[in-house]
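Peer 1: Return atomic coordinates for the entry below.
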Amino acid sequence: MARPATGKEVLARAKEALAKARTVEQMREAQAVILPLEHGLSMDQVGAILGISRGWACKLRRRFIQSVGKPQTPKQKRGGRRRENMTLEDEVEFLAPFFDKAARGGILVVGEIKQALDKRLGRTTALASTYNLLHRHGWRKLAPDKRHPKSDPEAQDTFKKTSGT
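Peer 2: Numbering: from 1, shown residues only. Take a look at the predicted model:
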């Protein structure tokens, strides 16, 4: 036989919290307290009604009772760029001369940007960091290769000499 539900002292606060709930989490916490006390449901049944496991239903109920019905302050979500080399404003300032040069008809060479980035940061960075930097600021047009890496210039010259045209 299951233990009788405890927490009757917070039932009124749970009803208030249910009426004032702004998020699904707050509503579930209040319902996890109200359903066993008012309707005599087991935690398995409460979990099924709320669409969560029995363990989560117990955890939500215990959290509400321990906080004595006070709404908990929402935890800050992680978000943000923790491993950033520069802020977005610094990146815009850093890339401005390169973008100006490209706007005037020059070619944006990633190698030059990487060298300038390494110099500005005072350490070497991966080439992918430079490409990610350009990608963040919407630049996709990169300098083409001067020649194909597998090309054979001698074979091309002989082909030009022996071809019929």
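
Peer 1: Only C-alpha atoms from now on, for both contacts and neighbour counts.
Peer 2: Noted.

Peer 1: Residue 11 is in what secondary structure piece?
Peer 2: Using DSSP states H and E, residue 11 falls within helix 11-20.

Peer 1: do residue 154 as well
Peer 2: Going by DSSP H and E, residue 154 is in helix 153-162.

Peer 1: how far out from the middle of the chain is that helix?
Peer 2: 53 Å (CA atoms, centre = their mean, to the nearest Å).

Peer 1: With stretch 55-63 instead?
Peer 2: In terms of CA atoms, centre = their mean, the centre of stretch 55-63 is set 27 Å apart from its chain centre.

Peer 1: ok, now stretch 151-165?
Peer 2: Relative to the mean C-alpha coordinate of its chain, stretch 151-165 is positioned 53 Å out (CA atoms, centre = their mean).

Peer 1: what do you get for stretch 99-119?
Peer 2: 29 Å.

Peer 1: End to end on it, go ahead and measure it.
Peer 2: Distance between the two ends of stretch 99-119: 18 Å, counting by CA to CA, to the nearest Å.

Peer 1: Residue ranges of each domain in this protein, please.
Peer 2: By the assignment in automatic domain parsing, the chain contains the domains 8-66, 88-136.

Peer 1: ok, back up a step: and the helix holding residue 11, what's buried?
Peer 2: Judged by neighbour count (16 or more other CA atoms under 10 Å), helix 11-20 contains these buried residues: 11, 13-15, 17-18.

Peer 1: Now it - C-alpha only, CSV.
Peer 2: Output in CSV follows, covering the C-alpha atoms of helix 11-20 (Å, rounded to 0.1, in the frame of the first residue of the first chain):
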residue,chain,number,x,y,z
LEU,A,11,-2.5,22.8,-0.6
ALA,A,12,-3.9,26.3,-0.6
ARG,A,13,-0.7,27.8,-1.9
ALA,A,14,-0.6,25.1,-4.6
LYS,A,15,-4.1,26.2,-5.7
GLU,A,16,-2.9,29.8,-5.9
ALA,A,17,0.2,28.8,-7.7
LEU,A,18,-1.9,26.8,-10.2
ALA,A,19,-4.1,29.9,-10.9
LYS,A,20,-1.0,32.2,-11.3
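
Peer 1: If anything else comes up later, I'll come back, but that's it for now.
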